[in-house]
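A.B. asks: What follows is a predicted structure for the sequence shown.
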Amino acid sequence: MKHGKKYNDSSKLVDRTKLYDVEEAMDLCVKTATAKFDETVEVHVRLGVDSRHADQQVRGAVVLPNGTGKSVRVLVFCKGDNVQLAKDAGAEYVGAEDMMQKIQSEGWMDFDVVIATPDMMGVVGRLGKILGPRGLMPNPKAGTVTPDVAKAVTEAKAGKIEYRLDKTNIIHCPVGKASFGAQKLQENFDTLMDAIVKAKPAAAKGQYVKSCVITPTMGPGIKINPGKFVPAV
């Protein structure tokens, strides 16, 4: 794959053979984000688990202290008093069967997060084939199936992100925008990694964090020393 001049120039700043400390990696990440738009900074963490086993799943959600830098459109499935609570908390879209039908019949997908009260999961469940592949299906572990819709909406707006393993045992997560600067990115990164380390399954053996790479949207990957992330015994 051919890369452009900016990417190649940025790559010269990064030593591909080196495992960087977090602080140095964040500085480099900001320096190598040279695109004309505000690049998203992503973390890719490979874990020493086998996601094919139910007892080795790693999944959860965490509110990043400095947010994601992205405005989040929230859809809430609820009824009764929760409708007004969700709207007051800032949800763009609130409904029940009407929203399900809009998604099914119109292919409407103008939202980034889906939250549902437990009593609405019978309705939301019918959207599994649409929401599931996009990672939008509400889930209790992620805090998106909850009776407290106001709290869930507030957290989503504040920069709550969900982390989960893919089929290759890697977690991919955004930790902010390059414009945040190294310190705020590091605070977000530390919060995410603390959550992932605490979520270590009891069935996981050997080294838990196998590798960790941080990268801006259009820039090179920067390897972070995984030895720092040792779960507390």
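C.D. replies: Good, I have the coordinates.
A.B. asks: Next, the residues that contact the helix or strand V94 falls within from outside, please.
C.D. replies: Assigned by DSSP states H and E, V94 belongs to strand 93-95. Contacting residues not belonging to strand 93-95 are listed as 73-78, 83, 86-87, 99, 102, 110-111 [C-beta atoms under 8 Å, 6 or more residues apart in numbering]. C-beta here means a position set from N, CA and C on the backbone, and glycine is covered the same way.
A.B. asks: What's the first helix or strand after the longest helix anywhere in the chain?
C.D. replies: Under DSSP state H, the helix in the chain containing the largest number of residues is helix 182-198. From helix 182-198 onward toward the C-terminus, using DSSP H and E, the following helix or strand is strand 209-216.
A.B. asks: Please enumerate the strands of the protein.
C.D. replies: Along the chain, the segments classed as strands by DSSP state E run 40-47, 59-63, 74-77, 93-95, 113-116, 160-164, 170-177, 209-216, 222-224.
A.B. asks: Next one: K157 relative to R134, how far apart?
C.D. replies: Here K157 is placed at a distance of 20 Å from R134 (C-beta to C-beta, to the nearest Å).
A.B. asks: and these two? which has more neighbours close in?
C.D. replies: More neighbours sit around K157 than around the other of K157 and R134, counting by other C-beta atoms under 10 Å; the figures are 18 against 9.
A.B. asks: Flag the shaky bits of this structure, pLDDT-wise.
C.D. replies: Judged against pLDDT under 70, the low-scoring parts of the chain cover residues 1-11, 232-233.
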